[in-house]
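J.: next input, structure requested:
(one chain, ligands or ions: 1)
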Amino acid sequence: MTAVLNHDELRTRTLAILDRLGVRDPFTDGGELISRSPITGGELGWITAHTPAQVGELVERASAAFEQWRLVPAPVRGQLVRELGNLLREHKTDLGALVSIEAGKIISEGLGEVQEMIDICDLGIGLSRQLYGQTIATERPGHRMMEQWHPLGVVGLISAFNFPVAVWSWNTALAVVCGDPVIWKPSEKTLLTALACQALMAEAARRVGAPEAVSQLALGRAEVGQALVSDPRVALVSATGSVRMGKTVAPIVAGRLGRLLLELGGNNAAIVAPSAELDLTVRGIVFSAAGTAGQRCTSLRRLIVHSSIADELVARLKKAYASLPIGSPLQEGTLVGPLIDGTAYEGFTKALATAQGEGGELIVGGERVLADEASDAFYVQPAIVRMPAQSDIVKAETFAPILYVLTYDTFDEAIALQNGVTQGLSSSVFTQSIREAEEFLSPAGSDCGIANVNIGPSGAEIGGAFGGEKETGGGRESGSDSWKAYLRRSTNTVNYSTELPLAQGVEFV
Ligand code: UN1
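T.: Numbers count the residues shown, from 1 in each chain. Just a heads-up that it's a prediction; the model follows:
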């Protein structure tokens, strides 16, 4: 276990980082929103929230910016993302450290998150020259049919604390290249990283002469989110967070027939077959389940192991878990940082108690650590619980480092367990059998948006489409053709003949 930094030192360091990132005086005495670091649990300062009426003004400004920005050629819009990427490269160390301070991620994961931002900027630059439609054969002589993809409008973005900057960049890099201004409501738990991203984006906009309102922040609690998603001028609502949040937001947007992109909870599993290469499997499992203190939406939560190797695998995992360095994420060598707050800790302990009530056997972990040193912070020993069946608690997403272990005898049974939950984000199989691997990836296999072989369910790179099915919400962000979510399709038929032939042979003279 590693020492936790003194809170005053942490606050001073935070202010210096913010200053270098271009955020001056972030704190006001009368602010409604509290900014804390999960490293110490201590308060960093108070920040002013927007009112719902002010959200209306932000939308007004974004709509005006849209009128202008949609007419700028896409490859020119791409220059904005190029500048943002350059600034991110320049400030990677500081922004990465701020992610660690505010979300509790270890240094390499904080930096990794900023790298993910840089990667999506690179993708956005390329895409800015590749927003293509198709030309489609028409049945009418002297005609041409084609489709164009046009800017959609204002994007309202809601993001969670656990990827406080990457999720913003996945959406923003593509939205602005597509011609859409973004209004971002970050999690109330990660306001400083949001202010920093906004400062960098404002600087990038200044450098390329883009309208200031291509990127704006809406800070506040649920009523601010509510004002943003209810506004009919917001063409697309892209929301990342819990299923509960999605179920609140979706009916509001659907009620006004707005467009939605949802990336909600996951309850990600790994199947471990008898042929699995166990050294690699153990490493994959520990990173996915205990890494980021179990607070990724792709974190591994369910292990479905063949009964012939379950005892050996569990014994190896127990050993690996027992030696995990837990502590300040700013300290080199730490692998597990804190939970975000006391509510998350409560969820962790309650889920463990429920699991034991449902017949689970606690194999390792579950204790709070470092409470003497940092009584307001919540560091825990990641837990493994062996379960007799896929009971209710296993089917729920608890946003904390708990790995439930289930066993199977036939591969069909393993797939049924993997698919037997309401969430459908990410999944994986560890096997050396081509037949099992392909079956897992087939239409009869994993029902998730992400299905991996011989790597865990977390840690996706940005080139692929990111998102999932069922209660995960069906949206796709970042790579592949996810860009289409930020555009509207226009189908065009052009008659270059002197006749007017009608489709389907209709005569009308
Ligand atoms: C999230 O937890 O909301 O695949 C996103 C991953 C990361 C993104 C996670 N690239 O784990």
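J.: contacts and neighbour counts: CA atoms only from here.
T.: Noted.
J.: which parts of the helix or strand encompassing Glu57 are buried?
T.: For Glu57, the host element (DSSP states H and E) is helix 52-69. Buried residues in helix 52-69, counted by 16 or more other CA atoms under 10 Å: 52, 55-56, 58-66, 69.
J.: Tyr345 and Asp376 touch, don't they?
T.: No. Counting by CA atoms under 8 Å, Tyr345 does not reach Asp376; the two are 11.2 Å apart.
J.: those two: who's more crowded?
T.: Tyr345 (20 against 17; other CA atoms under 10 Å).
J.: hang on, that one in a helix?
T.: Yes. Counting by DSSP: H, G, I helix; E, B strand; the rest coil, Tyr345 is part of a helix.
J.: where does the stretch 251-400 of the chain have low pLDDT?
T.: By pLDDT under 70, the stretch 251-400 of the chain has no low-scoring segment.
J.: can you give me the strands in it?
T.: Assigned by DSSP state E, counting those that start in this stretch, the stretch 251-400 of the chain shows strands spanning 259-263, 268-272, 300-306, 361-364, 368-369, 379-380, 383-386.
J.: sec struct for Ile17, please.
T.: helix.
J.: thought Gly96 was touching it, still the case?
T.: No. Using CA under 8 Å, Ile17 is not in contact with Gly96, being 10.1 Å away.
J.: give me the more crowded residue out of the two.
T.: Between Ile17 and Gly96, Gly96 has the larger neighbour count (other CA under 10 Å), namely 24 against 19.
J.: surely the more buried one forms part of a helix?
T.: Yes. Using three-state DSSP, the assignment for Gly96 is a helix.
J.: quick check: it vs the ligand, distance?
T.: 15 Å (CA to the nearest ligand atom, to the nearest Å).
J.: tell me the confidence at the most centrally placed residue in the chain?
T.: Nearest residue to the geometric centre of the chain (CA atoms, centre = their mean): Val167, 4.9 Å. Reading off the confidence values, Val167 has pLDDT 98.
J.: that one and Leu84, how far apart?
T.: Separation of Val167 from Leu84 (CA to CA, to the nearest Å): 15 Å.
J.: the helix holding Glu57 - contacts with which helices or strands?
T.: strand 154-158, strand 182-185, strand 215-217, helix 222-230 (3 or more CA pairs under 8 Å, 6 or more residues apart in numbering; DSSP states H and E).
J.: what parts of the stretch 351-500 of the chain come near the ligand?
T.: Neighbours of the ligand within the stretch 351-500 of the chain, by CA under 6 Å from any ligand atom: 458-461.
J.: ranking these by neighbours, who comes first?
T.: Ser458 (23 neighbours).
J.: mind checking the SS state of that residue?
T.: coil.
J.: straight-line length of stretch 370-382, end to end?
T.: Start-to-end, stretch 370-382 (CA to CA) is 14 Å.
J.: in that stretch, what's buried?
T.: Those would be 370, 374, 376-382, for stretch 370-382 by 16+ other CA under 10 Å.
J.: between these, which is closest to the ligand?
T.: Pro382 (17.5 Å; CA to the nearest ligand atom).
J.: is it true that that closest one touches Ile363?
T.: No. Under the criterion of CA under 8 Å, Pro382 makes no contact with Ile363, lying 10.6 Å away.
J.: can I see the domain layout of this structure?
T.: Taking automatic domain parsing as the domain assignment, the ranges for the chain are 53-264+473-489, 268-462.
J.: in CSV, list those domains along with distance to Leu44.
T.: Below are the domains of the chain laid out as CSV (distance: least, CA to CA, whole Å):
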stretch, distance to Leu44
domain 53-264+473-489, 10
domain 268-462, 13
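J.: can you redo the strands of the stretch 251-400 of the chain as TSV with distance to Arg140?
T.: Shown next, in TSV, are the strands of the stretch 251-400 of the chain (distance: least, CA to CA, whole Å):
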stretch	distance to Arg140
strand 259-263	33
strand 268-272	50
strand 300-306	54
strand 361-364	70
strand 368-369	72
strand 379-380	68
strand 383-386	65
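J.: out of these, which comes closest to Trp46?
T.: strand 379-380 (24.0 Å; CA to CA).
J.: what does that closest one contact?
T.: Here strand 379-380 makes contact (CA atoms under 8 Å, 6 or more residues apart in numbering) with 326-327, 337-339, 365-371.
J.: ok, that strand: who's next to it in the sheet?
T.: Next to strand 379-380 in the sheet, as set by DSSP bridges, lie strand 368-369 (antiparallel).
J.: any idea how far the partner strand is from the chain center?
T.: 27 Å (CA atoms, centre = their mean, to the nearest Å).
J.: next one: stretch 473-480
T.: 10 Å.
J.: need the helices for the stretch 401-509 of the chain, in chain order.
T.: 411-419, 434-441 (DSSP state H, counting those that start in this stretch).
J.: now these in TSV, with mean neighbour count?
T.: Conversion of the helices of the stretch 401-509 of the chain to TSV gives the following (neighbours: other CA atoms under 10 Å):
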stretch	mean neighbour count
helix 411-419	19
helix 434-441	16
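J.: okay if I get those helices as a markdown table plus mean pLDDT?
T.: Compiled in a markdown table, the helices of the stretch 401-509 of the chain are given as follows (pLDDT from 0 to 100):
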| stretch | mean pLDDT |
| --- | --- |
| helix 411-419 | 98 |
| helix 434-441 | 98 |
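J.: so which of the ones you listed is nearest Gly357?
T.: Per CA to CA, nearest to Gly357 of these: helix 411-419, 20.5 Å.
J.: for that closest one, enumerate the helices and strands it packs against.
T.: strand 268-272, strand 300-306.
J.: could you redo the last one with a cut-off of 10 Å?
T.: strand 268-272, strand 300-306, strand 402-408, strand 426-430, helix 434-441 (3 or more CA pairs under 10 Å, 6 or more residues apart in numbering; DSSP states H and E).
J.: please state the offset of the longest one from the chain centre?
T.: Its chain's C-alpha centre lies 27 Å from the corresponding centre of helix 434-441 when counted by CA atoms, centre = their mean.
J.: quick check: angle from that helix to strand 426-430?
T.: 170 degrees (axes from the mean of the first three to the mean of the last three CA atoms, to 10 degrees).
J.: what does helix 434-441 contact?
T.: Residues outside helix 434-441 that contact it (CA atoms under 10 Å, 6 or more residues apart in numbering): 271, 273, 411-412, 414-415, 427-431, 433, 442, 444-448, 450-454.
J.: now, of the residues you listed, which are buried?
T.: 271, 273, 411, 414-415, 427-431, 445-448, 450-454.
J.: so what's the residue count around Val72?
T.: So Val72, with other CA under 10 Å, has 15 neighbours.
J.: buried residues in the top helix by length along the chain?
T.: When the chain is scanned for its longest helix (criterion: DSSP state H), the result is helix 107-127. Within helix 107-127, the residues that count as buried by 16+ other CA under 10 Å are 107-125, 127.
J.: cool, stretch 70-81 as well?
T.: 70, 74-75, 77-81.
J.: what's the burial count for the closest residue to the ligand within the stretch 301-450 of the chain?
T.: Among the residues of the stretch 301-450 of the chain, Ser426 lies nearest to the ligand; the distance is 8.6 Å by CA to the nearest ligand atom. The number of residues packed around Ser426, counting by other CA under 10 Å, is 30.
J.: need the contact list for the closest residue to the ligand within the stretch 1-150 of the chain.
T.: Nearest residue of the stretch 1-150 of the chain to the ligand: Glu116, at 7.3 Å (CA to the nearest ligand atom). Neighbour list for Glu116: 110, 122, 165-167, 169-170, 460-462 [criterion: CA under 10 Å, 6+ apart].
J.: and stretch 20-39, how far out from the chain middle?
T.: Per CA atoms, centre = their mean, the centroid offset for stretch 20-39 relative to its chain is 23 Å.
J.: can you give me the buried ones in that stretch?
T.: 21-23, 26-27, 33-39.
J.: for that stretch, measure first residue to last.
T.: 21 Å.
J.: one step back: tell me which of the helices and strands packed on helix 52-69 lies nearest to Leu313.
T.: Closest among those, using CA to CA: strand 154-158, at 38.9 Å.
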